[in-house]
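Trainee: coords below, sequence missing:
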């Protein structure tokens, strides 16, 4: 059911493929293999505890630790992929920010390949944000063109600046757009310093078709560690490189190839993390010589957490929550 929910609104071929793979049972199949390995350890412990007269071999603690550590590592890797899954499912939010008239709207139109935002030589044309989802080489990206950030007493512009700040807080990646022909202002320097402390960010040096007062080398020296990309929204120079860098930053270089199992649901991610915590407790108990009957408590809890994904232990409340997202009969 959750796979179907992801499949219907899939915005790119990669998102569609990820939902199809979940629909075919790739995620549940992978997790059932993990469950089987944990069940083998649990069965050996409980058999020895329940039937001591049958001289069942005692648990090989070193071997059990290897198995549990391997499964815990695989679950942690899977949970770490959840951010990529979320982006596929919901689209990443990329915000274009900067002073008025640096070319944010022109750059948005170029990236979308359509005239979505109004472009004029008059500073402050964009008073509100413009948001549109684009297929960025298979990755769904919500591009947001925001009002220019500057000191102003105009109530409309002030509201636009407030909304820009709101989008900056929500962004997965921020593109701070500068005018290469205009130089770097104190406002822009403050913006870059403020944003880089909290968010992933690229500096975009726009208007490379004009005689420059700013250079990529100079900015890279002033703001070490921040990617600086030179583009021209007029000629299209540098746009392909920008698109590829955005994609790599959000999803990694290998994304879109034969990728591993992806977790696209927050519910699944939380269940994986919960199972991982219980397995870490089991490992600690094995290292500390905890009695085996106590180890089974955390081992069973880990299996129950995985069962919330595979369907082995899903409660009616979870099922109701999943199916409530279908508009049945409407």
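Mentor: Looks like it came in fine. Just so it is clear, the model here is predicted, and its values are computed rather than measured.

Trainee: Quick check: which element contains residue 263?
Mentor: Here residue 263, judged by DSSP states H and E, is contained in no helix and no strand.

Trainee: which ones are touching it?
Mentor: 27, 78-79, 81-82, 85, 269, 272 (C-beta atoms under 8 Å, 6 or more residues apart in numbering). Placement of C-beta: from N, CA and C, glycine included.

Trainee: gap between it and residue 26?
Mentor: Using C-beta to C-beta, to the nearest Å, one gets 11 Å for the distance from residue 263 to residue 26.

Trainee: Reformat the contacts of residue 263 as TSV; add neighbour count, secondary structure and distance to residue 209.
Mentor: Putting the contacts of residue 263 into TSV (neighbours: other C-beta atoms under 10 Å; DSSP: H, G, I helix; E, B strand; the rest coil; distance: C-beta to C-beta, whole Å) gives the following:
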residue	neighbour count	secondary structure	distance to residue 209
27	24	helix	48
78	24	helix	46
79	19	helix	45
81	19	coil	40
82	20	helix	41
85	24	helix	39
269	20	helix	44
272	26	helix	49
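
Trainee: wait, residue 184 sits on residue 178?
Mentor: Yes: between residue 184 and residue 178 there is a contact under C-beta atoms under 8 Å: 6.6 Å.

Trainee: Find residues that contact each of these two.
Mentor: 214, 219.

Trainee: and those two? which has more neighbours close in?
Mentor: Ranked by neighbour count (other C-beta atoms under 10 Å), residue 184 and residue 178 place residue 178 first, with 24 against 18.

Trainee: Show the pLDDT at the more buried one.
Mentor: Listed pLDDT for residue 178 reads 90.

Trainee: Need the phi and psi values for residue 141.
Mentor: phi -130, psi 130 (degrees, to the nearest 10).

Trainee: quick one: the helices in this protein?
Mentor: 2-7, 13-23, 26-50, 61-80, 82-90, 104-112, 155-170, 186-196, 216-222, 239-251, 266-287, 292-310, 316-323 (DSSP state H).

Trainee: Could you pull up the mean pLDDT of the third one?
Mentor: Along helix 26-50, the predicted confidence averages to a pLDDT of 82.

Trainee: neighbours of the closest residue to residue 244 other than its chain neighbours, just the number please.
Mentor: Spatially, and ignoring its direct neighbours in sequence, residue 244 is nearest to residue 137 (7.3 Å; C-beta to C-beta, 6 or more residues apart in numbering). Neighbourhood size, residue 137 [other C-beta under 10 Å]: 16.
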